[in-house]
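>>> Need a 3D model of the sequence below.
(chains A and B, ligands or ions: 2)
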Amino acid sequence: MANTYYDAADLRKFGKITEWSEELGNKFFEYYGKVFEEGALSAREKSLIALAVAHVVKCPYCIDAYTKDGLQRGITKEEMMEAVHAGAAIESGATLVHGVQMMNKYNKLSM
Amino acid sequence: MATKSLKARQKDLAKTNKQLEILNGGIFAEGELPYFKDKLANIGNFPLRPKKMEILQINVGYMCNQVCEHCHVDAGPDRKEIMTRETMEQCLDVIRNTGAHTLDLTGGAPEMNPNFRWFVEEAAKAGIQDFIVRSNLTIIRANKKYYDLPKFFKKHNVHVVSSMPHYTRGKTDKQRGDGVFDKSIRALQELNAVGYGMPGQDLRLDLVYNPSGAYLPGDQAALEKDFKKALDEDFGIQFHNLFAITNLPISRFLDYLIASENYEDYMYALVEAYNSEAVENVMCTNTISVSWDGWLYDCDFNQMLGLKVASKIKHIKDYNEDILNDRNIIISQHCYGCTAGAGSSCQGTVI
Ligand code: SF4
Ligand code: SF4
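Residues are numbered from 1 along each chain as shown, chains lettered A, B, ... in the order given. Ligands and ions are numbered 1, 2, ... in the order given. Purely as a prediction, here's the structure:
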């Protein structure tokens, strides 16, 4: 047993989750595949969104996967970094907008 | 970036037996990943057999003005393997009589062979339907004596196929060396200037894209669209088709994969992307590859691995298409590079 929580080689085994729950696993992968197909958004745009979200949810597997996916699609490192910033901006914005709650509470409690 | 071939650096991986040891051993020998032949057997395609011979690919030498990191030929300025005029004569005899519709000259930089122009002039007379020269573009700007290549190609109605790793300077220079991007752009503009690559025109100019790293090429059509848009908007460059080619794990690319600790992941990715439909049209089923010294191979990759055809006809001087076509193709785990995703050949995807 590896003594770290994350092992890069585990990404290759992702498909194995189906073994312990075939129906749900298959449904998930089918849905997942469909989501990233060319649609109203291009597959390229979706790849960048996935990369941004991967950072926000801080999933090392997804970061590896969508960095590689971006390279395969010819996405440049500048585009990838901007996507990460877009994710980071929303995440920090989400933190900061709670500052209003703090201000409200402060004001309510203060004379 | 290295400035010498693996061979000149006396690296272990310059030896073909070392490469084959890796491809046949490790994760494959341990049973983690299946052998290519087992995949073929599953679909009743082992041994792999040729179909009709259509493409004669001739490698006129391993000398090159560049030393690209991913090069499966291990080409470079230090390579001395150059096809002689005598071997070219033997090739011409075959070119004049072959049933193949395509003649494909490659290298190294084929233009660096001292008899290149004579060979092209003679071969063009044979009237083969599609006469390809694989040009790395920078050669056209490497030295004054090559400046007129676009006109020379045009005169002989050569179909130019050129490598272009990316439409941005950074990515191109990283794979192929500093200054390669600017020179390639200039060369493309000069090819355009004599009429190559123009929409609806006969002078064909196609680009080859292969990934600059340990990942597989994305969708060929999407990449072509991106390349066309960027090269046109930024530089006014036109070209016909983009071929997306997968890097095969041999020679310098194999050396890179191992040094960067990407080898296992890359092989996993290739095996995972294995597509049985691509097997039908892998290059070796319609191609014969000739080396600078006249030996015959199933493909350029097998040539670099020193795997000569399994036929009693092994040399261009004894060439006989019917006997050659009745052979088993030699395969190993590098072949997964030809069957990943939509497949990969010198003409891009195969399905
Ligand atoms: S990839 Fe082509 S241009 Fe680059 S070193 Fe090899 S033969 Fe030369
Ligand atoms: S590497 Fe050569 S022999 Fe193997 S599948 Fe590709 S073309 Fe055929």
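>>> Output the below-cut-off pLDDT ranges for the stretch 251-351 of chain B.
Along the stretch 251-351 of chain B, the model assigns pLDDT under 70 to no residue.
>>> can you give me the helices for it?
B:251-259, B:263-272, B:276-279, B:300-304, B:321-325 (DSSP state H, counting those that start in this stretch).
>>> wait, which of the ones you listed is closest to residue B:51?
Closest approach to residue B:51 among the helices of the stretch 251-351 of chain B (Cβ to Cβ): helix B:321-325, 8.4 Å. The C-beta positions use only the backbone N, C-alpha and C, and glycine is treated the same way.
>>> Need the contact partners of the longest helix seen in chain B.
Secondary structure of chain B per DSSP state H: the longest helix is helix B:220-235. Helix B:220-235 has contacts (Cβ atoms under 8 Å, 6 or more residues apart in numbering or on different chains) with A:42-44, A:73-74, B:164, B:167-168, B:185, B:188-189, B:207, B:209, B:217, B:237-239, B:241-244, B:342, B:348-349.
>>> which of these are buried?
Neighbour counting by 16 or more other Cβ atoms under 10 Å in any protein chain shown classes A:44, A:73-74, B:164, B:167-168, B:185, B:188, B:207, B:209, B:217, B:237-239, B:241-244, B:342, B:348-349 among the contacts of helix B:220-235 as buried.
>>> What residue in chain A comes nearest to ligand 2?
In chain A, the residue that lies nearest ligand 2 is residue A:72 (20.1 Å; Cβ to the nearest ligand atom).
>>> And the closest residue to that residue other than its chain neighbours, how far from ligand 1?
Spatial nearest neighbour of residue A:72, excluding adjacent residues (Cβ to Cβ, 6 or more residues apart in numbering or on different chains): residue B:218 at 4.0 Å. In this structure, residue B:218 and ligand 1 are 20 Å apart, going by Cβ to the nearest ligand atom, to the nearest Å.
>>> Residue A:51 too?
In terms of Cβ to the nearest ligand atom, residue A:51 sits 30 Å off from ligand 1.
>>> Tell me which helix or strand that residue sits in.
helix A:43-56 (DSSP states H and E).
>>> Quick check: buried residues in the next helix or strand after that helix?
Following helix A:43-56 in sequence order, the next helix or strand is helix A:60-72 (DSSP H and E). Neighbour counts over helix A:60-72 (16+ other Cβ under 10 Å) mark A:62-63, A:65-72 as buried.
>>> quick one: average pLDDT of the very next helix or strand once past helix A:60-72?
The helix or strand immediately downstream of helix A:60-72 is helix A:77-109, counting by DSSP H and E. With pLDDT averaged residue by residue, helix A:77-109 scores 96.
>>> and helix A:77-109 with helix A:43-56, angle?
50 degrees (axes from the mean of the first three to the mean of the last three Cα atoms, to 10 degrees).
>>> ok, the residue most central in space within chain A - contacts?
By Cα atoms, centre = their mean, the mean C-alpha position of chain A lies nearest to residue A:54, the distance being 2.2 Å. For residue A:54, the contact set (Cβ under 8 Å, 6+ apart) comprises A:62-63, A:65-66.
>>> Can you name the residues that contact the closest residue in space to residue B:176 that isn't next to it in sequence?
With Cβ to Cβ, 6+ apart as the criterion, residue B:176 has its nearest non-adjacent residue at 4.8 Å, and that residue is residue B:68. Contacts for residue B:68 (Cβ under 8 Å, 6+ apart) come out as B:75, B:175-177, B:252.
>>> so residue B:68, which of the three states?
Under DSSP: H, G, I helix; E, B strand; the rest coil, residue B:68 falls in the coil class.
>>> Report how many residues lie close to residue B:321.
By the criterion of other Cβ atoms under 10 Å in any protein chain shown, residue B:321 has 17 neighbours.
>>> again, but for residue B:99
11.
>>> Checking it next. Helix, strand or coil?
coil.
>>> give the contact list for it.
B:52-53, B:321.
>>> any idea which of those residues is closest to ligand 2?
When the contacts of residue B:99 are compared for distance to ligand 2 (Cβ to the nearest ligand atom), residue B:53 wins out at 13.5 Å.
>>> Chain A versus that closest one, what's the distance?
According to Cβ to the nearest Cβ, to the nearest Å, residue B:53 and chain A sit 33 Å apart.
>>> Please settle this for me: is that residue part of a strand?
No: Residue B:53: not assigned to a strand; according to three-state DSSP it is coil.
>>> Surely it and residue B:101 touch.
No: counting by Cβ atoms under 8 Å, residue B:53 does not reach residue B:101; the two are 9.7 Å apart.
>>> Looking at those two, which one has more neighbours?
Between residue B:53 and residue B:101, counted using other Cβ under 10 Å, residue B:53 has the larger neighbour count: 18 against 14.
>>> residues touching that one, list them.
B:98-100, B:286-288, B:321, B:324-325.
>>> and residue B:80, which of the helices of the stretch 251-351 of chain B is closest to it?
Comparing the helices of the stretch 251-351 of chain B by Cβ to Cβ, helix B:300-304 comes nearest, at 16.0 Å.
>>> now check the closest one, is it near ligand 1?
No: Helix B:300-304 is not in contact with ligand 1 by Cβ under 6 Å from any ligand atom; minimum separation 10.3 Å.
>>> Next, the buried residues of that helix.
B:300-304.
>>> do stretch B:2-11 as well
For stretch B:2-11, burial by neighbour count (16+ other Cβ under 10 Å) applies to B:2, B:5-8, B:11.
>>> and if you look at stretch B:91-103?
B:91-92, B:94-95, B:98, B:100, B:102-103.
>>> just curious, which of those residues is nearest to residue A:81?
After measuring the buried residues of stretch B:91-103 against residue A:81 - Cβ to Cβ - the closest member comes out as residue B:102, at 42.9 Å.
>>> wait, what's in contact with residue 14?
Just going to use chain A. Residue A:14 is in contact with residue A:61, counting by Cβ under 8 Å, 6+ apart.
>>> that answer is for a different chain, and I need it for chain B
Counting by Cβ under 8 Å, 6+ apart, residue B:14 makes contact with B:5-7, B:74.
>>> what two of the buried residues of stretch B:91-103 are the furthest from one another?
Within the buried residues of stretch B:91-103, B:92 and B:102 form the most distant pair, 15.9 Å apart (Cβ to Cβ).
>>> Write out the residues of chain A neighbouring ligand 2.
For chain A, no residue is in contact with ligand 2 (Cβ under 6 Å from any ligand atom).
>>> Any buried residues in the helix or strand of chain B with the lowest mean pLDDT, and which?
The helix or strand of chain B with the poorest confidence is helix B:169-176; it has a mean of 76 (mean pLDDT, DSSP states H and E). Residues of helix B:169-176 classed as buried: B:169, B:171-176 (neighbour count, 16+ other Cβ under 10 Å).
>>> In JSON lines: those, plus distance to ligand 2.
Putting those into JSON lines (distance: Cβ to the nearest ligand atom, whole Å) gives the following:
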{"residue": "B:169", "distance to ligand 2": "31"}
{"residue": "B:171", "distance to ligand 2": "26"}
{"residue": "B:172", "distance to ligand 2": "26"}
{"residue": "B:173", "distance to ligand 2": "28"}
{"residue": "B:174", "distance to ligand 2": "26"}
{"residue": "B:175", "distance to ligand 2": "21"}
{"residue": "B:176", "distance to ligand 2": "23"}
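>>> Thank you, goodbye.
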